[in-house]
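> when you get a sec, could you give me coordinates for this:
(2 chains)
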Amino acid sequence: MNLAKNYLSKYGILIALLVICIILSIATPYFFTAQNLIIVLRQVSINGILAIGVTFVIIAGGIDLSLGSVVALTGVIAASFAHPGMYPVIVPVMLALLSGALIGAINGLTITLGKVAPFIVTLGMMTIARGLALVLSNGRPVTNLSPSFNFIGGGDVLYIPVPILLFVLVILISSVILKYTRIGRYIYAVGGNENAAKASGIRVGRVKLFAYIMCSGLAALAGIVLASRITTGQPNAGIAYELDAIAAVVIGGTSLLGGRGSIAGTVIGVLIIGVINNGLDLLNVSSYYQQIIKGIIIVGAVLLDRKNAR
Amino acid sequence: MDSNFLLSVEGVSKSFPGVKALNNVQLNIEKGKVHALMGENGAGKSTLMKILIGMLQPDSGKMIFKGEQVRFSAVHEAIAAGFSMIHQELLPFPELTVAENIFMGREPVYGWSGWINRKKLYADAKALMNKLGVTISVNRLMKTLSVAEMQMVEIAKAIVNKAEVIIMDEPTSAISGREVDILFNIIHDLKKEGIAIIYISHKMDEIFKIADTISVMRDGEYIGTYPAASLNNQQLINLIVGRELNTVFEKRAANPGAPLLSVQNLCSNNFADITFEVRQGEILGIAGLMGAGRTEIVQAIFGIDNISSGIIKVKGREIKIACPGDAIHNGIGLISEDRKLTGLVLSSSVKHNITLAALKKTSPGIFLDLEKEKKVADDQVRKFNIKTPSSNQVVNYLSGGNQQKVVIAKVLLNDPDIIIFDEPTRGIDIGAKTEIYKMITELAGKGKAIIMISSELIEVLGLSDRILVVRKGRISKELNKEEATQEVIMEYAME
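Now for the predicted structure:
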């Protein structure tokens, strides 16, 4: 019986996504064209990668507010090493990913060893990373990037934009980690009941550390994609990106209390936000109204989820 | 209309999706009497109480209170009518004082201003506590109180609310010895005031001490109401479980082998100089009052808390235990005191809980062997007779007894040689208790070394081969089976 309810709430958001798509297809015929759907997917891929990263942290019972700043910082780092004729493209990419992982490690260690609330730690990291991005770039956009670096955000493989391929790859790998590996199972256990996880012999600190490194590492990937897409390392990029990512996770049915959630849910959440943004653009709704509508949908989705869960 | 009764519940039924929780239940409560409500977990007691207090609404049936039919659609309506419930898990405001907690929602104010008359608040609270014969300063913050003291405050609150019916849901599950006596004295006084008490407990000796009338429920059905004096222990158990339950404790010939676990001079912030050993095939009971340090000792051995000095040996070899993982690795298993706090991931499935501590064994590689995991979990569900629709069921939806079996199944999946049971039967029904006793006895029979902590002396006496009594963080006495009685244990346990 409860399983049935579970399925209902799971498919509830999927149904919501389909309903939104159908409405938009009727309202504007252009919406349901291959061209537009590819645009939607490309648009959501950055938020999607961020949202999947923060899904790990939220299931483990934490939160990460530093995502947007990490996007900017890692974008600046990647761009600084991606000028034409400087290094092979792997160098800026690896440097950015490692910086992201390092930030995740600092977040995770401060939270587990320092026993400081994740909200505070990542709030601090939000301004630290933003400041570092501004320091490294002297507050100016880092431009003149190599074509091979710009391919990451702007190129196509078999007519499919690279960001979409990266997003799909991240979905697959993350789903496998959460569903089919020990560390994935431990993430659910730690978020569900930290004391019980500890008493079961799980090294809770390591599990949380892993979640934060995944989260910031994926934020770095998003930073690379964004910098490459706008062909600029922009220190002011990514402001409030963490909020869209967290919103997608929550719409996808992951509990902010930890212990429950899925990558599939997060992906649907990301798509709902993306489709609405795109649809409202197509319908020429002003961006002021778009914000209001998005907010209503976030709260509405969770409200529906609560009703179903009861 | 039956004017003899303060409260009559007639033909109440309540269904949840897929379950009939109550079927045509009745209950008649008299003024100034203690009415015990007995039944296994899942018998429908809690559902019935939630209906009385307005947390749930019945599908059919009626409640007649002081000669008039009543129907509560919210808790505040029930409280206003004169009902009060002392919950199993108390819900106080920790940062407020005792007096503020007692008068929560009924603060004396100056006229219409809404300004709280603090002087009167504290004076009234003090007078009330004196009347109850409780010596708790009303200026203390609620969070500094012990569980027993909080209960007294909850009772005081019920009196302030002019309760005529007070429901007590397992009030003694978290308090011990002398505190229980104080509670019972208060209950006697409440009776004299004409207050009716509905008392839920799984502890038999208590029921016979305190109850005037006993009603029994089973599987959502009303079984019957009996004067307490007309029943004996065995008859009551039979009514509750609906089948003959001859001996709760099996007689067994203990034949202890080599020592498996020995600790020497263990010290920490909570205890000192703890030295004992447990042998193969032996059940070592640890008795003592709440807060004496029993749980702290076993948690330190299991690596949850730190020790400051001392030696732990497993099978004669000295080992270091820095975290529970080390303890598990050395063949120690702990069934912890509070299954919801430290035993289970309530949001996860039965299967995932059972395999949580043994994933490295079922899946040594990077990837989980989901098929093997399912098989292992299903085997445990069968072996431990866990009642669940499937091993995918979220563990939160199981009854207390079945949740406890999940914890035991999880710990035993690692096949530990030394098994520590900390309050293994708290808040679970007699049927499940008996199964757990049997399990413990069998494990000892298989040559496991067992440590069992319990606040229920009958349990400690019935199962243990040897008993340690702990008082204020030290072992005050070691007793063998022959010399141990409730009286002797209490003598060494009391401060």
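> now the most centrally placed residue in chain A. Nearest residue, chain neighbours left out?
Central residue of chain A (C-alpha atoms, centre = their mean): residue A:50, 1.5 Å from the mean position. Excluding its sequence neighbours, the residue lying closest to residue A:50 (C-beta to C-beta, 6 or more residues apart in numbering or on different chains) is residue A:245, at 4.0 Å. No exception for glycine: its C-beta is placed from N, CA and C like everyone else's.
> my read is that the one you found contacts residue A:65, right?
No: Residue A:245 sits out of contact with residue A:65 when judged by C-beta atoms under 8 Å, with a separation of 10.1 Å.
> those two: which is more packed in?
Between residue A:245 and residue A:65, residue A:245 has the larger neighbour count (other C-beta atoms under 10 Å in any protein chain shown), namely 33 against 21.
> buried residues of the helix or strand harbouring the residue nearest to the centre of chain A, list them for me.
Per DSSP states H and E: residue A:50 is located in helix A:34-59. Residues of helix A:34-59 classed as buried: A:36, A:40-59 (neighbour count, 16 or more other C-beta atoms under 10 Å in any protein chain shown).
> helices along chain A, start to end?
A:2-27, A:34-59, A:67-80, A:90-112, A:118-137, A:147-154, A:162-180, A:182-192, A:194-199, A:204-229, A:241-251, A:263-282, A:287-309 (DSSP state H).
> what residue in the stretch 101-250 of chain B comes nearest to chain A?
residue B:220 (16.5 Å; C-beta to the nearest C-beta).
> count of neighbours near that residue?
Applying other C-beta under 10 Å, I find that residue B:220 has 22 neighbouring residues.
> contacting residues for it?
Residue B:220 makes contacts with B:20, B:21, B:22, B:23, B:25, B:43, B:44, B:47, as judged by C-beta atoms under 8 Å, 6 or more residues apart in numbering or on different chains.
> give me the distance between it and residue B:40.
Residue B:220 sits 11 Å away from residue B:40, taking C-beta to C-beta, to the nearest Å as the criterion.
> do residue B:443 as well
Applying C-beta to C-beta to residue B:443 and residue B:40 gives a distance of 24 Å.
> those two: who's more crowded?
Neighbour totals were compared for residue B:443 and residue B:40, and residue B:40 leads with 24 against 20 (other C-beta under 10 Å).
> next up, the contacts around the residue in the stretch 151-300 of chain B positioned nearest to chain A.
Residue of the stretch 151-300 of chain B nearest chain A, by C-beta to the nearest C-beta: residue B:299 (8.9 Å). Residue B:299 sits next to B:305, B:334, B:336 when contact means C-beta under 8 Å, 6+ apart.
> can you rerun that using 7 Å?
residue B:305 (C-beta atoms under 7 Å, 6 or more residues apart in numbering or on different chains).
> so where does it fall, helix or strand?
Residue-wise, residue B:299 maps onto helix B:294-301 under DSSP H and E.
> please write out the alpha-carbon positions of that helix in PDB.
Output of helix B:294-301 as PDB, limited to C-alpha atoms (Å, rounded to 0.1, in the frame of the first residue of the first chain):
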ATOM      1  CA  ARG B 294      25.100   0.600  32.000                       C
ATOM      2  CA  THR B 295      24.500   1.900  28.500                       C
ATOM      3  CA  GLU B 296      27.600   4.000  28.600                       C
ATOM      4  CA  ILE B 297      29.800   1.000  29.500                       C
ATOM      5  CA  VAL B 298      28.600  -1.100  26.500                       C
ATOM      6  CA  GLN B 299      28.700   1.800  24.100                       C
ATOM      7  CA  ALA B 300      32.300   2.400  25.100                       C
ATOM      8  CA  ILE B 301      33.200  -1.300  24.500                       C
END
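> I'd like the mean pLDDT over it, please.
Here helix B:294-301 scores 92 as its mean pLDDT.
> distance from the chain centre to it, please.
19 Å (C-alpha atoms, centre = their mean, to the nearest Å).
> kindly report the same for stretch B:350-359.
24 Å.
> repeat that for stretch B:152-171.
A distance of 19 Å separates the centroid of the chain from that of stretch B:152-171, by C-alpha atoms, centre = their mean.
> what are the buried residues along stretch B:456-470?
Buried residues in stretch B:456-470, defined by neighbour count with 16+ other C-beta under 10 Å: B:456-457, B:459-470.
> quick one: which of those is nearest to chain A?
So of those, ranked by how close each gets to chain A (C-beta to the nearest C-beta), first place is residue B:470, at 21.2 Å.
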